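>>> Quick one: sequence plus predicted model below, questions after.
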Amino acid sequence: MTDSKYFTTTKKGEIFELKAELNSDKKEKKKEAVKKVIASMTVGKDVSALFPDVVNCMQTDNLELKKLVYLYLMNYAKSQPDMAIMAVNTFVKDCEDLNPLIRALAVRTMGCIRVDKITEYLCEPLRKCLKDEDPYVRKTAAVCVAKLHDINAQLVEDQGFLDTLKDLISDSNPMVVANAVAALSEIAESHPNSNLLDLNPQTINKLLTALNECTEWGQIFILDCLASYLPRDDRESQSICERVTPRLSHANSAVVLSAVKVLMKFMEMLPKDLDYYGTLLKKLAPPLVTLLSAEPELQYVALRNINLIVQKRPEILKHEMKVFFVKYNDPIYVKLEKLDIMIRLASQANIAQVLAELKEYATEVDVDFVRKAVRAIGRCAIKVEQSAERCVSTLLDLIQTKVNYVVQEAIVVIKDIFRKYPNKYESVIATLCENLDSLDEPEARAAMIWIVGEYAERIDNADELLESFLEGFHDESTQVQLQLLTAIVKLFLKKPTETQELVQQVLSLATQDSDNPDLRDRGYIYWRLLSTDPVAAKEVVLAEKPLISEETDLIEPTLLEELICHIGTLASVYHKPPSAFVEGSRGVQHKRLPPRAGSPDVGQSGPSEAPPAVIPSQGDLLGDLLNLDLAPPTATVPSVQPSMQMGAMDLLGGGLDSLVCSSPAASHFATNVISGLGDLFDLGGGVGMPTGSYVAPKTVWLLAMKAKGLEISGTFARRGGIIQMDLSLTNKAMSVMTDFAIQFNRNSFGLAPAGPLQVLTPLSPNQTIDVSLPLSTSGPVMKMEPLNNLQVAVKNNIDVFYFSCQYPLSLLFVEDGKMDRQVFLATWKDIPNDNEAQFQIKDIHLNSDVASNKLQGSNIFTIAKRTVEGQDMLYQSVKLTNGIWVLAEMRIQTGNPNYTLSIKCRAPEVCPFVYQCYELVLKN
């Protein structure tokens with residue numbers, strides 16, 4: 001007879017009948033009635049009215065009946081808390097029963113009854129069970145502490161249960177140890193700062209001993225706990241790895257992944273030249289490969305974890321490429337994941353094998369898989385330079401198949417190959433242009449337009465091709481519209497006479513007929529650029545682009561470190577930190593890998609090392625300070641175009657004469673645009689607020705003996721937003737000097753005279769004239785050595801004389817250089833740590849407010865100030881005339897005349913010169 005009869009519906013008065021049966025004197029009838037109650041409860045019927053009758057059945061020796069009653073009690077105790085108190089005496093009694101199974105059952109049920117009212121009654125029974133002679137009862141009681149802590153944390157701490165739990169880590173029974181570790185870990189996760197798991201070498205030794213003897217889930221608890229331990233040195237790290245390694249051959253994949261997590265963390269501390277390090281790498285490969293012979297769902301979880309492992313340590317699986325080759329019956333999610341790992345493991349040694357596979361995949365029937373395979377060929381070309389030619393010819397073969405989606409994916413990846421290897425594979429452009437009409441996906445159309453715009457000078461009918469896209473401009477996606485706008489502007493700058501009408505048409509469509517703000521803004525910027533300075537436009541739009549990186553889809557290093565610490569958990573499948581998908585902050589801890597072997601401790605860092613990041617996370621002092629500003633940020637993160645960074649090629653120099661001089665169309669176009677569009681951005685108006693910036697005293701730049709009697713001394717100043725060169729011209733010759741003129745060579749920031757040198761009267765012998773020459777920053781640019789060097793030529797009626805001088809970079813600090821607080825934080829994080837430089841400013845006897853005011857006079861703006869343990873920290877921003885932003889943190893310790901200055905900038909070459917400005921301003 002099966003138990004299905006209990007689930008069949010009965011006649012009227014069911015509850016009444018059950019009540020009578022529950023109060024029957026016959027044990028069998030009672031048991032049957034409780035089973036019927038549980039069956040009704042399971043299918044969702046409300047049987048809470050029977051609570052007192054079911055609780056009365058607790059007084060029995062029958063284990064089966066007791067389990068059923070406890071099950072009912074767990075379900076209804078929350079809705080009937082007053083009734084649940086009736087059961088307390090039975091719990092207390094059961095906790096002292098001779099049968100350990102009943103004692104364990106009582107303590108387990110106590111933990112599951114989540115009712116505040118009765119928790120305090122359960123403390124005494126729980127305390128006895130934690131010290132029970134039977135290990136089964138102790139291990140159950142250990143888990144109960146964690147459950148009770150979740151209901152009433154304060155009660156657990158007051159009753160001293162946490163200390164008892166810590167003692168259970170030293171228990172003789174491995175399962176008790178495992179459950180104690182699991183309970184403490186659970187509690188520690190919800191209270192990250194409690195330091196409950198105070199692990200030391202002695203405790204670790206006990207855990208490793210228990211590891212060999214407990215059940216598989218117990219092993220997982222212990223391994224996860226070991227992963228949070230930081231060994232003292234590489235010897236201890238190696239010792240732990242040696243004792244954990246046997247777990248790699250366990251049948252349960254969860255145990256294997258937990259062991260891999262521990263080994264991946266502790267390997268960080270092992271020197272790479274150690275023999276054991278190489279042995280460990282070899283031992284890690286087979287268990288990971290074995291995981292791929294499981295069911296597809298388990299394979300997928302294993303592959304997601306392997307994806308993280310090969311990003312961190314590709315050498316582990318570099319010889320196992322064949323394992324990741326796709327099988328015909330793999331589900332699509334497994335295929336795509338395998339494909340991703342194949343690319344990560346691709347190298348010069350196995351590229352031929354990989355390409356042969358990928359070409360095979362590209363002829364499959366599954367469209368998503370084929371697309372990914374074609375993209376993978378492009379990624380191989382970008383990753384392994386030696387294979388690029390073979391990859392391009394493979395892609396061309398695929399284009400010849402004329403399969404629409406294959407052709408479109410191939411064009412998208414060829415665009416990336418062009419960006420990685422410019423001027424190398426452009427011979428294939430003709431083949432690409434043949435397939436222009438078949439492109440219907442936005443990404444492929446945008447890629448093709450980019451190729452046409454970038455190589456317009458090599459395509460005879462580039463204007464016709466782009467014009468064909470322009471016909472349905474408003475029906476295109478935003479991605480295609482933006483790309484088309486840029487491509488036509490590039491084409492105009494390369495062939496101005498032939499494409500003037502086309503560029504006017506696209507600018508009009510983008511600015512006047514479009515509702516998309518991104519498109520409109522880009523259109524206005526190009527319009528403005530072309531109308532005010534076609535010369536500058538050419539160098540901005542056609543600037544040399546940085547090559548794309550090998551792996552654009554690698555996980556960011558700090559996130560990867562955190563995910564490695566979560567191998568075997570949901571975070572490693574999502575590839576997201578737990579904080580991204582666990583609601584609230586409870587239970588979320590940011591984990592990091594231990595410091596690498598050979599890297600110095602924090603306290604031992606020498607002067608030659610890179611200083612630590614000043615703003616490492618959202619949660620630090622500055623992050624907290626900036627988050628107080630609840631207003632939404634008013635600006636976006638400023639970034640400098642590659643063409644604007646230091647070291648860029650001559651921005652406004654050579655090669656442009658043809659555009660300006662020989663092309664009347666260009667100048668005519670510029671005039672048209674200015675008159676038609678008006679001064680849209682009001683660029684004529686400057687900020688120009690007078691500031692009290694520091695001006696250095698004049699120094700002699702040109703000696704009279706070297707310039708036939710003409711002596712020139714001078715300095716630089718910034719007044720009211722205008723850069724000025726203050727000169728003193730002295731005639732130490734016997735004849736009168738006239739016809740003065742001045743010219744600058746190309747320089748790092750495009751400094752040039754904004755007008756002629758105004759020496760209105762002849763310079764008589766022994767006479768000195770003071771002249772102020774306004775300067776602009778729109779001259780030709782060329783990187784100088786040092787960066788602030790300026791080469792000057794001065795002409796008079798006698799001869800032309802040359803000299804060089806150095807200007808303070810503070811000349812170029814503009815008045816609108818105060819960055820928004822939120823933007824400051826985002827920008828600091830965005831700039832790589834390698835771009836950070838640290839300096840000492842010595843012998844400054846100013847407090848932070850005075851220093852801040854002095855610096856503000858030179859357009860160095862304080863964004864925020866924080867005082868920590870007597871140390872003032874000023875966070876400051878500076879903007880240069882060419883759009884480069886410089887961010888700084890200055891630390892001022894009360895009573896210490898030496899300031900610490902940390903500077904971050906996308907163009908790190910400017911950092912030393914910014915430091916010189918700080919020193920100059922603060923010391924004068």
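The structure has been received and is ready for your questions. Residues are numbered from 1 along each chain as shown.

>>> Ramachandran angles for Y694?
phi -70, psi 130 (degrees, to the nearest 10).

>>> Who are the contact partners of it?
810, 854, 857-858, 920-921, 924 (CB atoms under 8 Å, 6 or more residues apart in numbering). No exception for glycine: its C-beta is placed from N, CA and C like everyone else's.

>>> Make a markdown table from those and add pLDDT to it.
Shown next, in a markdown table, are the contacts of Y694 (pLDDT from 0 to 100):
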| residue | pLDDT |
| --- | --- |
| S810 | 88 |
| K854 | 88 |
| G857 | 87 |
| S858 | 88 |
| L920 | 87 |
| V921 | 88 |
| N924 | 82 |
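
>>> Most neighbours out of those, which is it?
When the contacts of Y694 are compared by neighbour count (other CB atoms under 10 Å), S810 ends up highest, at 27 neighbours.

>>> How about it: what's its closest non-neighbour residue?
Distances taken as CB to CB, 6 or more residues apart in numbering place C917 nearest to S810, at 4.1 Å, with adjacent residues excluded.

>>> before we move on, what about T699?
T699 sits nearest to S713 (CB to CB, 6+ apart), 6.1 Å away.

>>> what about the one you found, is that helix, strand or coil?
Three-state assignment for S713 (DSSP: H, G, I helix; E, B strand; the rest coil): strand.

>>> Tell me how many other residues crowd it.
For S713, using other CB under 10 Å, the count is 18.

>>> Tell me which helix or strand in the chain has the weakest average pLDDT.
The weakest-scoring helix or strand in the chain, judged by mean pLDDT, DSSP states H and E, is helix 621-627 (a mean of 35).

>>> returning to that earlier point: now flag whichever of the contacts of Y694 is closest to F324.
S810 (56.7 Å; CB to CB).

>>> Quick check: that closest one is in a helix.
Yes - counting by three-state DSSP, S810 is found in a helix.

>>> average pLDDT for stretch 227-242?
Summarised as a single mean, pLDDT over stretch 227-242 is 86.

>>> buried stuff in it?
227, 229, 231, 234, 236-241 (16 or more other CB atoms under 10 Å).

>>> what about that stretch, start to end distance?
14 Å (CA to CA, to the nearest Å).

>>> Distance check, C917 against V878.
Distance, C917 to V878, by CB to CB, to the nearest Å: 8 Å.

>>> ok so, going back, local confidence estimate at the residue nearest to T699?
pLDDT recorded at S713 is 94.

>>> Buried residues, stretch 132-150. List them.
For stretch 132-150, by 16+ other CB under 10 Å, it's 132, 135, 137-149.

>>> any idea which of those residues is closest to T862?
H149 (46.4 Å).

>>> Might one say that that closest one is in contact with V156?
Yes - judged on CB atoms under 8 Å, H149 makes contact with V156 at a distance of 4.4 Å.

>>> and for these two, which residues touch both?
L162.

>>> what about the protein, any weak spots by pLDDT?
Low-confidence segments of the chain (pLDDT under 70): 1-2, 4-13, 192-195, 550-553, 584-590, 592, 595-692.

>>> cutoff 50 now
12, 585-587, 600-691 (pLDDT under 50).

>>> show me where it has strands.
699-702, 710-719, 722-731, 741-744, 752-753, 768-776, 789-795, 800-806, 836-841, 861-868, 871-879, 885-893, 899-905 (DSSP state E).

>>> In JSON lines: the ones you listed, plus distance to A444.
Converted to JSON lines, those look like this (distance: least, CB to CB, whole Å):
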{"stretch": "strand 699-702", "distance to A444": "59"}
{"stretch": "strand 710-719", "distance to A444": "51"}
{"stretch": "strand 722-731", "distance to A444": "48"}
{"stretch": "strand 741-744", "distance to A444": "48"}
{"stretch": "strand 752-753", "distance to A444": "45"}
{"stretch": "strand 768-776", "distance to A444": "44"}
{"stretch": "strand 789-795", "distance to A444": "48"}
{"stretch": "strand 800-806", "distance to A444": "52"}
{"stretch": "strand 836-841", "distance to A444": "41"}
{"stretch": "strand 861-868", "distance to A444": "44"}
{"stretch": "strand 871-879", "distance to A444": "39"}
{"stretch": "strand 885-893", "distance to A444": "36"}
{"stretch": "strand 899-905", "distance to A444": "38"}
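
>>> and K494, which of these is closest to it?
Per CB to CB, nearest to K494 of the strands of the chain: strand 752-753, 26.8 Å.

>>> For that closest one, which strands pair with it and how are they oriented?
strand 768-776 (antiparallel) (DSSP bridges).

>>> how big is the angle separating the strand it pairs with from strand 710-719?
50 degrees (axes from the mean of the first three to the mean of the last three CA atoms, to 10 degrees).

>>> next one: strand 768-776 to chain centre, how far?
When distances are taken as CA atoms, centre = their mean, to the nearest Å, strand 768-776 is centred 49 Å away from the chain's centroid.

>>> For that strand, report the contacting residues that lie outside it.
With CB under 8 Å, 6+ apart, strand 768-776 has contacts from 722-731, 742, 750-755, 757-759, 761, 763.

>>> again, 6 Å this time
722-730, 751-754, 757, 763 (CB atoms under 6 Å, 6 or more residues apart in numbering).

>>> before we move on, what about stretch 267-287?
Against stretch 267-287 from outside (CB under 6 Å, 6+ apart): 234, 237-238, 245, 248, 256, 315-317, 320, 593-594, 596-597.

>>> For L547, state which of these is nearest.
E315 (25.6 Å).

>>> What sits closest to the closest one if chain neighbours are left out?
L281 (5.9 Å).

>>> Distance of that neighbour relative to R243?
Distance from L281 to R243, by CB to CB: 18 Å.

>>> And for R232?
Distance from R232 to R243, by CB to CB: 16 Å.

>>> Please apply the same query to M83.
Counting by CB to CB - M83 and R243 are separated by 51 Å.

>>> Next: L291.
22 Å.

>>> what residues does stretch 40-57 touch?
In contact with stretch 40-57 (CB under 6 Å, 6+ apart) are residues 15, 19, 22, 30, 34, 37, 69, 72, 75-76, 79-80, 83, 86-87.

>>> what sits against P81?
115, 117.

>>> how near is it to V43?
25 Å.

>>> Ok, S387 next?
Taking CB to CB, one finds S387 at 63 Å from V43.

>>> what's the closest non-adjacent residue to T499?
F492 (4.7 Å).

>>> no, scratch that, I was asking about T203
I169 (6.0 Å).

>>> Give me the neighbour count for that neighbour.
22.

>>> Can you report how many residues neighbour the closest residue to V489 other than its chain neighbours?
Distance criterion CB to CB, 6+ apart; nearest residue to V489, sequence neighbours excluded, is Y526 at 4.9 Å. Neighbour count for Y526, taken as other CB under 10 Å: 24.

>>> How about the contacts made by V88?
118, 121.

>>> can you do 8 Å?
118, 121-122.

>>> ditto for W701
Contacts of W701 by CB under 8 Å, 6+ apart are 712-714, 792, 803, 805.

>>> rerun at 6 Å
Counted by CB under 6 Å, 6+ apart, W701 has contacts 712, 714, 803, 805.

>>> The closest residue to F740 other than its chain neighbours and K78: what is the separation?
Leaving aside its sequence neighbours, F740 sits nearest to V759 (CB to CB, 6+ apart; 4.2 Å). As for V759, its distance to K78 is 95 Å (criterion: CB to CB).

>>> now E295
Counting by CB to CB, the gap from E295 to K78 is 38 Å.

>>> For those two, indicate the residue with more neighbours.
K78 (11 against 7).

>>> Regarding the more buried one, what are the backbone dihedral angles?
Dihedral angles (degrees, to the nearest 10) for K78: phi -70, psi -40.
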